[in-house]
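Q: Everything below, folded, please.
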Amino acid sequence: MKEKKVNESISSFTFEYKEILTTTEAAFYMGKSVSSFFNDVSNGKIPYYKFGRSNRYLKSELRELLLSQPRGVRNDKVQ
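A: Below is the predicted model of the structure:
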């Protein structure tokens, strides 16, 4: 019984940890160069969290940001 609780908390931690990205990982996820990504962070376009001297990014927030800025023409929008 005790062992199951430990395994559940470890898998929960692993899931949460995977959602936190470094600057390089976040830039790759957003499809930008690291310098371009960092410029957007500095300009307040991308939310971040400080861990010591390092910035970290929530993958869910980056996903929302990507989905809120559609690009290209959709077939259902053409008149």
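Q: Next secondary structure after the lowest-mean-pLDDT helix or strand in the chain?
A: Ranking every helix and strand in the chain by mean pLDDT, DSSP states H and E puts helix 2-18 at the bottom, with a mean of 52. Downstream of helix 2-18, the next assigned helix or strand under DSSP states H and E is strand 20-21.
Q: What mean pLDDT does that next one get?
A: Here strand 20-21 scores 94 as its mean pLDDT.
Q: so what strands line up beside that strand?
A: Strand pairing for strand 20-21, using DSSP bridges, gives strand 54-58 (antiparallel).
Q: contacting residues around the nearest residue to Tyr57 once chain neighbours are set aside?
A: Leaving aside its sequence neighbours, Tyr57 sits nearest to Ala26 (CB to CB, 6 or more residues apart in numbering; 4.1 Å). Where you see a C-beta, it was placed from the backbone N, CA and C, and this is true even at glycine. Contacts for Ala26 were tallied using CB atoms under 8 Å, 6 or more residues apart in numbering; they are 37, 46, 57, 59, 62.
Q: which residues does Leu66 contact?
A: Counting by CB under 8 Å, 6+ apart, Leu66 touches Met30.
Q: Please apply the same query to Arg71.
A: With CB under 8 Å, 6+ apart, Arg71 has no contacts at all.
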